[in-house]
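1. sequence? don't have it. structure:
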C-alpha cells in the first residue's frame, strides 16, 4: 500500500512517485555493508554480541539470548521437513478487548485516533472465525496482548487448547519496553513465544482468509516461507529520513521493501532468530518504541497514519527473506485493502462498495489477477465509521451462516435480526444495486 499526503493508505503503489523512475532512494553501498547479511557472514557461528546480552548496554540479559546463541545458524532451509510433516501456527498482535467495540447498535461508535490507540470493531473475532473455517488444519493461534492477557469473552471454553493468550510483556528482554502500543515492537518478539512452532504466520487482527487455503499457500514442501507481496525484492533504506535527533538508529540495519501490502507473513523461527542475531542493536532500538517511531525522536508521536511506518514489520521481513534467499517469491494479487477517502462524506459510498465487494471476493475495476489466482486474503482495514462496519459485518455474517459450526468462536450477536437492527436505516433502505456493490456470489 502507498500512503497519500492526507495519510490515507492506498492500494499497492510506490510510496513516492513511480518506482521505475527511481524517485525512491535505494539502499546505499555503505548501508548494504552495514546490513551484514551476506551468506558468508551469516554462516559463521558468531558469539552473541555484547549489546544483546550485557546489562552495560542498557538491556538486561535474557534467558532467550542463550537459547538463540545455542541454535544460531544451525538449521538451513534445505534441512527442514516436508510440508506434510510440520505444524503451522498463526500469531496475532492485539491491542486487547478493552480497545474493541463488540457491542450492538448504540454501543458502537465511529473509530477515531491513530493506530497507536488500537481501537477497532472486534475484527479479530471474525479473523479467527474465517481462519477456522478456511484453514482448519492450523496447529495453534497465539494472541499477544499486554498484561494481563485476558481471553476475550467470545472465545469458547473448547478453544483453550487451540487459541492461546500470551502476555507479550513476558517476551520483551527489557521490562521497560512493555506495555506497548506499538504493533511493530510486538512483532519483533513473536519468535520468543514458548512452544511456538518452527513455522508460523504473522496475522493482523483485521485479516480475513476469504477462501479455503492449504499449507502450500504459506510454505514450500521443504518448509521455506512464501513471500506473498509484490516487489518485495526491491529494497530501500529502512528509514526514509534520518534528521538529527535524540533517538538515532544504530548503524547496522536491515533493509525493507518500498511498497505496502497487507497480507499474511509466513515465517520461521530460524529466520527470525537469525535476524535478531544479525541486528541485535536495532531489535533493542525498535522494541523500545512504545508507539510507532517517527525518526529520529521517540517522543514525536505522529498524528497521521502515514507517519511511523519506517519500522513496519510487513515491509522488512518479506524483503529480508528474499535478501537472504530464505524465502520464495509467491506473489498474491494486491487485493487486500480498500482506500478510505476522508472526503466522501458520512456514507462513504465508494469505500463501502469496495469493502462489500472484497468481502464477497468480487474484483474491483482496478483489481487484476491471472486466471486461477483468485484472491484468498483481505483486510478489514480503514473502517472508521460504525455505519460502514455494520454493513460489512452483516455480509460477513451471511458467509458465516454457511460455514460449519465454530468450535472456537461464540458469536454473541450472530442473530440476523440483531444485526439488521444495528444497521442504520439509511443503509437498510438501500439495495445493493443502489449502493453500488455486487451481490454475494452463490459459491461461498
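-> Nice, I can see it. Fair warning: this is a prediction, and the values are worked out from it, not measured in the lab. Residues are numbered from 1 along each chain as shown.

2. residue 130 contacts residue 206, correct?
-> No. Counting by C-beta atoms under 8 Å, residue 130 stays clear of residue 206, with 11.1 Å between them. To be clear about C-beta, it is placed using only N, CA and C from the backbone, and glycine gets the same treatment.

3. residue 126 reaches residue 396, doesn't it?
-> Yes. Counting by C-beta under 8 Å, residue 126 does reach residue 396; the two are 5.6 Å apart.

4. who's more crowded, the two?
-> More crowded of residue 126 and residue 396, by other C-beta atoms under 10 Å: residue 126, with 24 against 18.

5. identify the residues contacting the helix or strand that contains the more buried one?
-> Using DSSP states H and E, the element containing residue 126 is helix 123-134. Applying C-beta atoms under 8 Å, 6 or more residues apart in numbering, the external contacts of helix 123-134 come out as 90, 92, 94, 100, 102, 138, 141, 143, 152, 154, 163, 203-213, 380, 393, 396, 400, 403-404, 406-409, 411.

6. show the contacting residues for residue 169.
-> Residue 169 touches 146, 147, 175, 178, 179, counting by C-beta under 8 Å, 6+ apart.

7. endpoints of stretch 236-245, how far apart?
-> 21 Å (C-alpha to C-alpha, to the nearest Å).

8. name the nearest residue to residue 165, ignoring sequence neighbours.
-> Closest residue in space to residue 165, ignoring its immediate chain neighbours: residue 149 at 4.2 Å, by C-beta to C-beta, 6 or more residues apart in numbering.

9. again, but for residue 271
-> Sequence neighbours aside, residue 326 is the residue nearest to residue 271 in space, at 5.1 Å (criterion: C-beta to C-beta, 6+ apart).

10. what sits against that neighbour?
-> 77, 224, 225, 268, 270, 271, 274.

11. out of those, which are inside strands?
-> residue 268 (DSSP state E).

12. quick check, nearest of the contacts of residue 326 to residue 261?
-> Comparing the contacts of residue 326 against residue 261 with C-beta to C-beta places residue 225 closest, at 14.8 Å.

13. for that closest one, give me its contacts.
-> Listed by C-beta under 8 Å, 6+ apart, the contact set of residue 225 reads 199, 218, 219, 265, 266, 267, 268, 271, 321, 326, 327, 328.

14. tell me which entries of these lie within helices.
-> Here DSSP state H is the test, and the contacts of residue 225 give 271, 321 as lying in helices.

15. turn the contacts of residue 225 into JSON lines, columns for pLDDT and distance to residue 363.
-> Below are these laid out as JSON lines (pLDDT from 0 to 100; distance: C-beta to C-beta, whole Å):
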{"residue": "199", "pLDDT": "97", "distance to residue 363": "31"}
{"residue": "218", "pLDDT": "96", "distance to residue 363": "23"}
{"residue": "219", "pLDDT": "96", "distance to residue 363": "27"}
{"residue": "265", "pLDDT": "96", "distance to residue 363": "24"}
{"residue": "266", "pLDDT": "97", "distance to residue 363": "24"}
{"residue": "267", "pLDDT": "98", "distance to residue 363": "29"}
{"residue": "268", "pLDDT": "98", "distance to residue 363": "32"}
{"residue": "271", "pLDDT": "97", "distance to residue 363": "33"}
{"residue": "321", "pLDDT": "97", "distance to residue 363": "28"}
{"residue": "326", "pLDDT": "97", "distance to residue 363": "32"}
{"residue": "327", "pLDDT": "97", "distance to residue 363": "27"}
{"residue": "328", "pLDDT": "96", "distance to residue 363": "26"}
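
16. hang on, isn't the residue nearest to residue 165 packed against residue 163?
-> No. Contact between residue 149 and residue 163 fails when scored by C-beta under 8 Å: they sit 11.6 Å apart.

17. now for those two: what residues contact both?
-> Jointly contacting residue 149 and residue 163 under the rule C-beta under 8 Å, 6+ apart are residue 143.

18. buried residues in the lengthiest helix in the chain, which are they?
-> For the chain, the longest helix by residue count, based on DSSP H, is helix 386-400. Neighbour counts over helix 386-400 (16 or more other C-beta atoms under 10 Å) mark 386-397, 399-400 as buried.

19. repeat that for stretch 314-326.
-> 314, 315, 316, 317, 318, 319, 320, 321, 322, 323, 324, 326.

20. quick one: low-confidence parts of the stretch 1-150 of the chain?
-> In the predicted model of the stretch 1-150 of the chain, residues 1-84, 96-120 satisfy pLDDT under 70.

21. hang on, the earlier thing: common neighbours of residue 126 and residue 396, please.
-> In contact with both residue 126 and residue 396: residue 208, using C-beta under 8 Å, 6+ apart.

22. need the contact list for residue 182.
-> 116, 289, 290, 291, 292, 293.

23. for residue 189, state which of the contacts of residue 225 is nearest.
-> Comparing the contacts of residue 225 against residue 189 with C-beta to C-beta places residue 267 closest, at 12.8 Å.

24. give me the neighbour count for that closest one.
-> 28.

25. got it, and residue 204?
-> Count around residue 204 with other C-beta under 10 Å applied: 24.

26. just checking, it touches residue 91?
-> No. Residue 204 sits out of contact with residue 91 when judged by C-beta under 8 Å, with a separation of 10.5 Å.

27. on the three-state scheme, the closest residue to residue 382 other than its chain neighbours is what?
-> For residue 382, ignoring the flanking residues on the chain, the nearest one in space by C-beta to C-beta, 6+ apart is residue 340 at 3.7 Å. Classification of residue 340 by DSSP: H, G, I helix; E, B strand; the rest coil places it in coil.
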